[in-house]
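Peer 1: build me a model:
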Amino acid sequence: MPGYGDSPPAETVASAQDRVAFLDRVLQELGMQRPVLVSPSMSGRFALPFLLARGDRLAGFVPIAPVGTKDYTAEQYRQVQTPTLILYGDRDTRLGLQALQSLRHLPRHRVAVVPDAGHACYLDKPEDFHWALLGFLRQLK
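Peer 2: Presented below is the predicted three-dimensional model:
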């Protein structure tokens with residue numbers, strides 16, 4: 001994502017609106033229609049505003065202890081009708097639980113906790129993570 005990791009700072013994604021437009025362009029360029037958006041950690045800065053603005057374009061949403069959940073209100077989350085799998089490791093007692101407190105207001109959510117896994121539960125316990133993800137994907141239409 002622009003501005004994260006080893007990528008240079010990007011003024012084009014300075015605001016939430018800019019990040020929504022960026023992610024929208026990426027999905028359009030890839031020709032993706034109604035994808036499932038998987039959002040671990042820092043990608044929450046892109047995925048959450050996209051979910052709130054364009055959630056109707058997604059078949060599903062999988063936040064994995066994303067950052068930025070406190071930036072939005074319970075009422076904003078309640079407006080989203082995108083099926084959501086809230087996922088985190090049970091040893092991620094800080095960001096995982098913090099994200100859950102906000103994301104639980106999404107009306108069409110379910111929660112999966114990966115046992116014996118930390119913040120990067122997909123790295124700590126990849127098999128358990130994938131079973132939870134695949135179970136969610138199978139339920140989508």
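
Peer 1: any weak-confidence spans in this structure?
Peer 2: 8 (pLDDT under 70).

Peer 1: which residues in it form strands?
Peer 2: Taking DSSP state E as the test, the strands found in the chain are 36-40, 60-64, 84-89, 109-114.

Peer 1: redo these as CSV? Include distance to L97.
Peer 2: C-beta here means a position set from N, CA and C on the backbone, and glycine is covered the same way. As requested, these are exported to CSV (distance: least, CB to CB, whole Å):
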stretch, distance to L97
strand 36-40, 16
strand 60-64, 13
strand 84-89, 8
strand 109-114, 10
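
Peer 1: ok, which of these comes nearest K141?
Peer 2: strand 60-64 (9.8 Å; CB to CB).

Peer 1: a markdown table for the strands of the chain, including mean neighbour count and distance to L133?
Peer 2: Converted to a markdown table, the strands of the chain look like this (neighbours: other CB atoms under 10 Å; distance: least, CB to CB, whole Å):
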| stretch | mean neighbour count | distance to L133 |
| --- | --- | --- |
| strand 36-40 | 20 | 8 |
| strand 60-64 | 25 | 6 |
| strand 84-89 | 25 | 7 |
| strand 109-114 | 18 | 8 |
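
Peer 1: nearest to M1, of those?
Peer 2: Evaluated over those, closeness to M1 peaks at strand 36-40, with 10.3 Å, by CB to CB.
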